[in-house]
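Student: Fold the stuff below for me.
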Amino acid sequence: MQCEPHLIDKHKKKMMAVQDSMDVLNGKWKISIISSICYYNKRRFSDILNDVEGISNKMLSKELKELEINQLVKRTVLNTQPVTVQYELTEHGLTLKTIINNLTDWGMEHRKKIIGE
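Tutor: Numbering: from 1, shown residues only. Model prediction:
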């Protein structure tokens, strides 16, 4: 069965959008970092480091910079002694909240189905 040409173009555009999303959110850590910030609204670097099991300081720093470049995360340096750095989702980053919640729900249901927890 063949699709009509206009549907093929529509599907290609959708696949390009999925690829664009994956390019921004790719890797082992970004979704977990976004989730940490999303669940708490604002997180310090050390809080995210504790939330995301297995990530190194260097990798967290790299991933946060990439999320900043993509305008998903805002970094704020607080005038404290010692200096505190805080992260929060930007307005654009907050558009991922529904996706994070859906992933959370799906993951909980999947865990129940597979291991009964």
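Student: mind checking the longest helix of this protein?
Tutor: Across the chain, the longest stretch assigned as helix under DSSP state H is helix 5-25.
Student: Show me the strands in the protein, by range?
Tutor: 42-44, 73-78, 84-89 (DSSP state E).
Student: export these to JSON lines and tack on mean neighbour count?
Tutor: For the C-beta atoms, the positions are set from N, CA and C on the backbone; glycine is no exception. Listed next are these as JSON lines, based on neighbours: other Cβ atoms under 10 Å:
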{"stretch": "strand 42-44", "mean neighbour count": "16"}
{"stretch": "strand 73-78", "mean neighbour count": "14"}
{"stretch": "strand 84-89", "mean neighbour count": "17"}
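Student: got a markdown table for those strands, with mean pLDDT and distance to N57 too?
Tutor: Below are the strands of the chain laid out as a markdown table (pLDDT from 0 to 100; distance: least, Cβ to Cβ, whole Å):
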| stretch | mean pLDDT | distance to N57 |
| --- | --- | --- |
| strand 42-44 | 96 | 13 |
| strand 73-78 | 96 | 15 |
| strand 84-89 | 96 | 12 |
